[in-house]
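Colleague: Give me coordinates for this.
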Amino acid sequence: MMRLTLTDAFARFGAKPKNSLRSPSAIAQDGAMVLNCAPANFGRPARGVLRYEDRLSRETGNVPGNALLGQHLTLARDGALPVRLVIAHAPAASSTKTGNGKTSNGFHVRPDLIGKVTEFDGDHFIVDFTRIPVPQGPYQTAKGRKS
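Modeller: Down below sits the predicted model:
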């Protein structure tokens, strides 16, 4: 799994974060919402479903980012926008140092999953992710040759 910067991770989905270090979300060029997720907030409520559950009020140090996330969650819920997944990782021993001496987080993307905002009350939100089906022709074999 390749670790990316937040900007690079969002760019994989055609989005640009407002803050290159802390943006929780953005809207991609194709209209999808891109969500920056913490690994601790995932669960598996049913087979084939990866659930992300959190509260805007949990993160008190990023008021502008939380306000924007609230707007994006409302847009995604009301407009049935797809949600794309970026996962943040805590700094590891091998993480890179930023110019100010702090260790930076790494991020990775899950392009194989697509999410839907299933609940948002202005604070608490739930996004359920499912695997994107890979289309295969009726005559495809495991190695991609037609039979």
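Colleague: For Val83, give the beta-bridge partners.
Modeller: On the basis of DSSP bridges, Val83 is bridged to Met33, Gly115.
Colleague: Name all residues that make contact with it.
Modeller: Ala32, Met33, Val34, Leu35, Ala76, Ile114, Gly115, Lys116, Val117, Val127, Phe129 (CB atoms under 8 Å, 6 or more residues apart in numbering). All C-beta atoms are positioned from the backbone trio N, CA, C, and that covers glycine.
Colleague: so where's this structure uncertain?
Modeller: Within the chain, the segments meeting pLDDT under 70 span 1, 91-105, 134-147.
Colleague: now the strands for it?
Modeller: Ranges of strands in the chain, per DSSP state E, are 25-27, 33-37, 42-46, 49-55, 83-89, 106-109, 113-120, 124-131.
Colleague: need those strands in CSV with distance to Ala9, can you?
Modeller: Shown next, in CSV, are the strands of the chain (distance: least, CB to CB, whole Å):
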stretch, distance to Ala9
strand 25-27, 10
strand 33-37, 8
strand 42-46, 17
strand 49-55, 15
strand 83-89, 4
strand 106-109, 4
strand 113-120, 14
strand 124-131, 16
